[in-house]
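In: no FASTA, just this:
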RNA sequence: GGGGUGGUAGUUAAGUCGGUUAUAACGCCGGCCUGUCACGCCGGAGGCCGCGGGUUCGAGUCCCGUCCACCCCGCCA
């Protein structure tokens, strides 16, 4: 039987030792974080998940009266100090290297006032080692296990088990645990049942691309990995479970981003006999609890009523250019389309082309195809011309972006440094008044396709806000702004004029708009809502259709005929006719929420084993080529030849 | 599918106009050191300059292709 672990069990985590433990005999296990060798005396920083403790191997050390007072030793009738054992420990200290895994037995002593390290929780004490063992002589790691490292992400991912030893990632994953635990206990307390849904599902066209899994038992057929439990959670409602939740993996085979992984985790919720407000109340309670338990912030200070503000989708797009406004700062956009129409283009040919289309009836103000909009960079920002041009340059990544017309407001309201030479004085003054600008402000105009104009100005607003220091480049900066964005349009129009569901085909139109389904689908809004935190969408959901007749109307707008509807969603449609309660729900992006709470800016830092931009696990090498025999068994033939060297 | 940035020692980077033996810091190895905590000091090893082709007397450097990583657009609620 081994001396350590079998006989000597861990008494403390390294990081939890304090001055109150002075005089205790302790057994610590951990990784060697640093080694400082002074010849006769070696200091090791021993690290485990709770932190770091300094352990000392001292050639000349012999136990004193302090040690003899340790009652535990007397009780075991065992000597604390054996000089042979201590010699072998000293030997170990000379050999030991970073990231070796060792165990030590020793006594907690005070470091002496001069040697206290205030930066460590354990900085007052150290452990005098009487006995030690090596569990694993680690190879030199490819990068240092330190809080801040400059190492490229692909190397960190390849050695993820080492990367995860770093304190920031340990903290993040611990926070993730805390989020999970809090969600479970809160939702369970609220009467929701944690129920599971299949991962292997039926492929459904539309929405995200599915990962496919060949079926061995059913030659030539495939499962799809669930992109979300959407349909199943609605079925739970039809089965009468009333309130459901699940912390669930979802899979989407789309291109990846900083904030997108092919598999990710949702906090999935669905409830029966509820309206939008019921969902909001539950989620607001959940967020208050999660923020409290993770120590992120006291939301009561921001939202004493317990409610988050609400804003219509239309208002959000008008004021901020998108449906996920960052409310930590102002600098709102100003819609100028109607003003431009009143001024018949204001002498600007590009604007006149747009206003003419409104006058001829080709465009409608309720759902404008093109708009005129402006954003003001305040004079106080005092950006140089190269800086202003840098903003414009970074907008070029927006597809369809044509350019940014700037005008600097001079004394008396004149526009200088501007390409808009032909503007009429009346329009110029009217714009100045609408924007409330004064000397030195820079007006940034966008005219053209609504989506492009909004995307460009939304990005410009964020870029300027960051450059002005109103918000940090990344992270929360201690500010938390939550918001419900509600009632977006139910449909989007495709290039060819046909209609697509903006969210999914089972979202309920707002009651007053049901009549518009036949006549004017563009204006139909729906009971959909997004929860926005500091400019990130952290969750979204909707009240679902439970009336088969309205469902049928929605399908007909979408051009989905009975036959294909049956094909795609047959079981759900049948279930809807089998006794469907009014119901709705929401899904929270668990990874993204944890990322924001932790102050991070990449999803990869809150996911234990993430994949690269190409969806590759550089550690295991997945995905890989498989043997022909395996493919045969699955009744699959591969057309592409993968490069085996990759 | 498209655009951008990058790839040089274990890691992070420098490398001029194409020219001698490719630099530095950290890490690593050896030595010294009893109060350090990013210990310090002395010495040393370490390179397919992503890969393939081309131009050239000569390529880390120029050209073409390709692979990988990151960021973005499309896509993805």
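Out: Yep, that arrived. Values in this document were obtained by computation on a predicted structure and should not be read as measured data.
In: Could you pull out the strands in the stretch 251-400 of chain A for me?
Out: For the stretch 251-400 of chain A, the strands defined by DSSP state E, counting those that start in this stretch occupy A:263-272, A:310-312, A:334-335, A:370-377.
In: any idea which helix or strand comes after the helix or strand harbouring residue A:86?
Out: Following DSSP states H and E, one finds residue A:86 within helix A:83-95. Sequence order places strand A:101-110 as the next helix or strand after helix A:83-95, per DSSP H and E.
In: for that following strand, packing partners?
Out: strand A:25-37, strand A:41-48, helix A:65-68, strand A:125-136 (3 or more Cβ pairs under 8 Å, 6 or more residues apart in numbering; DSSP states H and E). The way it works is simple: take the backbone N, C-alpha and C, and place the C-beta from them, glycine included.
In: rerun at 7 Å
Out: In terms of contacts (3 or more Cβ pairs under 7 Å, 6 or more residues apart in numbering; DSSP states H and E), strand A:101-110 is packed against strand A:25-37, strand A:125-136.
In: Show me the strands paired with the last one, marking each as parallel or antiparallel.
Out: Right, the one you point to is strand A:125-136. Strand pairing for strand A:125-136, determined by DSSP bridges: strand A:51-58 (parallel), strand A:101-110 (antiparallel).
In: likewise the longest one?
Out: If you go by DSSP bridges, strand A:25-37 pairs up with strand A:41-48 (antiparallel), strand A:101-110 (antiparallel).
In: now residue A:460, nearest residue through space, not along the chain?
Out: residue A:375 (5.6 Å; Cβ to Cβ, 6 or more residues apart in numbering).
In: I misspoke; the intended subject was residue A:501.
Out: residue A:558 (6.1 Å).
In: and that neighbour, what are its phi and psi?
Out: The phi and psi values for residue A:558, taken as degrees, to the nearest 10, are phi -80, psi -10.
In: Can you give me the distance of it to residue A:242?
Out: Look at residue A:558 and residue A:242: by Cβ to Cβ, to the nearest Å, they are 30 Å apart.
In: burial count for the closest residue to residue A:579 other than its chain neighbours?
Out: Spatially, and ignoring its direct neighbours in sequence, residue A:579 is nearest to residue A:238 (6.6 Å; Cβ to Cβ, 6+ apart). Residues lying near residue A:238 (other Cβ atoms under 10 Å) number 19.
In: from memory residue A:238 sits against residue A:582, does it?
Out: No. At 11.2 Å, residue A:238 does not count as touching residue A:582 under the criterion of Cβ atoms under 7 Å.
In: list residues touching both of those two?
Out: Shared contacts of residue A:238 and residue A:582 (Cβ atoms under 7 Å, 6 or more residues apart in numbering): none.
In: Enumerate the positions of whichever strand or helix holds residue A:162 that are buried.
Out: Assigning secondary structure by DSSP H and E places residue A:162 in helix A:160-163. Buried residues in helix A:160-163, defined by neighbour count with 16 or more other Cβ atoms under 10 Å: A:160, A:162-163.
In: Now do the spatially closest residue to residue A:405 that is not a sequence neighbour against residue A:577, distance only.
Out: Leaving aside its sequence neighbours, residue A:405 sits nearest to residue A:445 (Cβ to Cβ, 6+ apart; 4.2 Å). Distance of residue A:445 to residue A:577, given as Cβ to Cβ: 53 Å.
In: Ok, residue A:351 next?
Out: From residue A:351 to residue A:577 the distance is 52 Å (Cβ to Cβ).
In: who's more crowded, these two?
Out: residue A:351 (27 against 10).
In: Which pLDDT value goes with the closest residue to that one other than its chain neighbours?
Out: Excluding the flanking residues, the one nearest residue A:351 by Cβ to Cβ, 6+ apart is residue A:345, at 4.5 Å. We have a pLDDT of 93 for residue A:345.
In: now do residue A:78
Out: On the pLDDT scale, residue A:78 gets 58.
In: circling back: who touches the residue nearest to residue A:579 in this structure?
Out: A:575, A:578-580.
In: Buried subset of those as a PyMOL selection?
Out: Per 16+ other Cβ under 10 Å, the buried members of the contacts of residue A:238 correspond to this PyMOL selection:
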select buried, chain A and resi 575+580
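In: Among the contacts of residue A:238, which lie within strands?
Out: Applying DSSP state E to the contacts of residue A:238, no entry is found in strands.
In: And the furthest pair within the contacts of residue A:238?
Out: A:575 and A:579 (8.5 Å; Cβ to Cβ).
In: Can you tell me which of the contacts of residue A:238 end up in helices?
Out: Among the contacts of residue A:238, DSSP state H puts residue A:575 in helices.
In: Sort out which one of the contacts of residue A:238 lies nearest residue A:278 for me.
Out: Nearest member of those to residue A:278, counting by Cβ to Cβ, is residue A:580, at 17.2 Å.
In: Next, the angle strand A:41-48 makes with the longest helix anywhere in chain A.
Out: Longest helix in chain A, counting residues (DSSP H): helix A:167-189. Regarding helix A:167-189 and strand A:41-48, their directions subtend 30 degrees when assessed with axes from the mean of the first three to the mean of the last three Cα atoms, to 10 degrees.
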